[in-house]
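Novice: Give me the fold of what follows.
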Amino acid sequence: MTIQASLKASTAAAGVKAASPLRDLNGIVHLLTCGSVDDGKSTLIGRLLWDASDLYEDQRENVRKSGRKAADSDLPDFSMLLDGLVAEREQGITIDIAWKYFDTETRRFVIIDSPGHEQYTRNMASGASFADVAILLVDARSGVKKQTKRHAAILDLVGVKRVVLAVNKMDLVGYSEDVFRKIEADFRTLCWKFGFWDATAIPLSAVYGDNVSTKSDAMAWYTGPHLLEHLEKAPSRGTASSGTFRFPVQTVLRDGQDFRGLAGTVSSGSVNVGDSVTDALSGRSAKVIRIATMDGDLKSATSGQAIALQLDVDIDVSRGAVLSSSEMRPIAAQTVEARLVWLSENAFNPRTGYLLRTVTDLIPISTLEIKALLDLETMSSHPSASCGVNDIAVTKITLGRPAAIDVFSDISETGTVMIVDAVTGASIAGGVVTAVNAKGEILGDGHFNLTREMLANGLCRDLSLSSSDREEFTRRANEAAILLRSAGVSVAIEPPPPIDDGLDPGL
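Specialist: Got it, this is the predicted structure:
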């Protein structure tokens, strides 16, 4: 099998994104709509599609012939363009994430319409992780509510830096400037709590199209841009190569001869042939001698590209490892502090087996401790040892073995984590890393130490110290720890012995 065929097969199996099309995504803006239920999210996006996109005429005709009207008007129910599930159409609400695409003369938009009900917060959090810009809707009659604050906190948590507060249904308050200014002031106060780079409030009426894609004559007092005008100027995350290099390894490729490639997707920064890269866990370094892709070799690769790196030295690297620039490595973390959105209906249970999932790694958790919860009324944290669905928690996590993890505010791509159930694999919580520590906690009673001597004399007694066998040693140790953790046993893994090859680990 050729290297290109092997890479194509491995990336397809691992779900790695292909490289070449990403160059065309720089101008695309991923746009999330969120806010409380019935604030008009689907109607707003439907109106935007109706006014500004090239909808097919049969789509428009279906909406006209449906007989459904928008609110108390004689206008079509524009939300029909978004509500896809039967249950949504019957209830008149959004349950699942709806994705729509449309082009204007200057930009391409991917719209992510998220549900507003509190019980579907997990869907909103999932959609927010893809967004460049968020439209946070509020009803002009009620202003900023608890669910508005929860959504703003989640947007901050997952790294959305640009937010538009769409003050909808201004027609129902007589297009009052005083009402808008009061809500705008509340929004400004809320934004001080978060790390948004750009926060703008726009008064509008989704039903009548005021300030959606054209300026409103009814609100001459508002001199800012209408919604579409503002969105067309918003930058996308793109695939900029200016960040610190991070390359989470998905799999190891071999062609049966002398090629050994580390396959994955560049999550941030860039890499060139001749660069020195370092494995964060072992500290060993090597030079890149080849960058292979499905379409041929490259001299350099940047964020978002799926590649296979061939190194001049076969350092001990397998799935879950993170290669970085030699000067700026992620920490081989043993303890992690994180802010999490609790997604599971099952409340936190310290006796339950949990695993930590990073970009490509799955690590047994020795202890998961809830330290505090975010109070959505005061937007401050208060101490707590418990956590339930939709709570936003401050946590401390002790890992069963070191893992290459960054602080989210430094490098978001490798600072995002998930908590999964060790038995079912279900997603329990998701969030961002706020601090990492290479020093582990002292294990107390009830913790099991999976030593390398125990593994070498038992489960791994058939393995040598070769590179491939050391990969297998790590895989078996991890699987054993996951099984123990699924049985409720807190476990720590002692790493395999160092390679005695005469090389300085820093070389």
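Novice: Give the other helices and strands that the helix or strand containing G261 contacts.
Specialist: Under the criterion of DSSP states H and E, G261 resides in strand 260-265. Identification of packing neighbours for strand 260-265 by 3 or more Cβ pairs under 8 Å, 6 or more residues apart in numbering; DSSP states H and E yields helix 3-14, strand 246-254, strand 306-311. In this view, the C-beta of every residue, glycine as well, is placed from N, C-alpha and C.
Novice: looking at these, which has the lowest confidence?
Specialist: Note on the helices and strands packed on strand 260-265: lowest mean pLDDT is at helix 3-14, with a mean of 46.
Novice: following that one, which helix or strand comes up?
Specialist: Per DSSP H and E, the first helix or strand lying C-terminal to helix 3-14 is strand 28-35.
Novice: Any buried residues in that next one, and which?
Specialist: Buried positions in strand 28-35, judged by neighbour count with 16 or more other Cβ atoms under 10 Å: 28-35.
Novice: Restrict that strand to CA atoms and write it as CSV.
Specialist: Written as CSV, here are the backbone C-alpha positions of strand 28-35 (Å, rounded to 0.1, in the frame of the first residue of the first chain):
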residue,chain,number,x,y,z
ILE,A,28,-16.9,31.2,6.2
VAL,A,29,-18.5,32.5,9.4
HIS,A,30,-20.1,29.9,11.7
LEU,A,31,-23.0,31.7,13.3
LEU,A,32,-24.8,30.4,16.4
THR,A,33,-28.2,31.6,17.5
CYS,A,34,-29.1,31.1,21.2
GLY,A,35,-31.2,32.5,24.0
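Novice: What's the mean pLDDT across it?
Specialist: Mean pLDDT, computed over strand 28-35, is 84.
Novice: picking that back up, what pairs with the strand holding G261, parallel or antiparallel?
Specialist: strand 246-254 (antiparallel), strand 306-311 (antiparallel) (DSSP bridges).
Novice: Looking at those, which one is packed in the most?
Specialist: Highest mean neighbour count among the strands paired with strand 260-265 (mean count of other Cβ atoms under 10 Å): strand 306-311, with a mean of 24.
Novice: roughly how far out does that strand sit from the chain middle?
Specialist: Centre-to-centre, strand 306-311 and its host chain are 24 Å apart (Cα atoms, centre = their mean, to the nearest Å).
Novice: how about that strand as CSV, C-alpha atoms only?
Specialist: What follows is strand 306-311, C-alpha atoms only, in CSV (Å, rounded to 0.1, in the frame of the first residue of the first chain):
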residue,chain,number,x,y,z
ALA,A,306,-4.5,16.3,7.9
ILE,A,307,-1.0,15.1,7.5
ALA,A,308,1.5,12.3,8.4
LEU,A,309,4.9,13.4,9.8
GLN,A,310,7.9,11.3,9.2
LEU,A,311,10.7,12.0,11.7
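Novice: next structured bit after that strand?
Specialist: strand 322-325.
Novice: Which strands or helices does that next one pack on?
Specialist: Strand 322-325 packs on strand 246-254, strand 276-279, going by 3+ Cβ pairs under 8 Å, 6+ apart.
Novice: In CSV: the ones you listed, plus distance to D295.
Specialist: Output for the helices and strands packed on strand 322-325, formatted as CSV (distance: least, Cβ to Cβ, whole Å):
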stretch, distance to D295
strand 246-254, 16
strand 276-279, 22
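Novice: List just the one of those that sits closest to A480.
Specialist: Within those, the stretch nearest A480 is strand 246-254; the backing value is 20.9 Å (Cβ to Cβ).
Novice: which is the next helix or strand following the host helix or strand of A372?
Specialist: Using DSSP H and E, A372 sits in strand 362-375. Proceeding N to C from strand 362-375, the next assigned helix or strand is strand 380-383, under DSSP H and E.
Novice: That next one - which strands sit beside it in the sheet, and in what orientation?
Specialist: By DSSP bridges, strand 380-383 pairs with strand 362-375 (antiparallel).
Novice: can you pull the buried residues of the strand it pairs with?
Specialist: Neighbour-count burial for strand 362-375 [16+ other Cβ under 10 Å]: 362-368, 370, 372-374.
Novice: follow-up on the earlier one: may I have the strand holding A372 as PDB, with CA atoms only?
Specialist: Only the C-alpha atoms of strand 362-375 are listed here, as PDB (Å, rounded to 0.1, in the frame of the first residue of the first chain):
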ATOM      1  CA  LEU A 362      -8.600   8.900  26.700                       C
ATOM      2  CA  ILE A 363      -7.200   9.000  30.200                       C
ATOM      3  CA  PRO A 364      -8.500   7.300  33.400                       C
ATOM      4  CA  ILE A 365      -9.500   9.800  36.100                       C
ATOM      5  CA  SER A 366      -8.300   9.000  39.600                       C
ATOM      6  CA  THR A 367     -10.400  11.700  41.300                       C
ATOM      7  CA  LEU A 368     -12.900  14.200  40.100                       C
ATOM      8  CA  GLU A 369     -13.700  16.900  42.600                       C
ATOM      9  CA  ILE A 370     -16.400  19.600  42.300                       C
ATOM     10  CA  LYS A 371     -15.100  22.800  43.900                       C
ATOM     11  CA  ALA A 372     -17.800  25.400  43.000                       C
ATOM     12  CA  LEU A 373     -20.800  26.200  40.900                       C
ATOM     13  CA  LEU A 374     -21.500  29.300  38.900                       C
ATOM     14  CA  ASP A 375     -24.500  31.200  40.300                       C
END
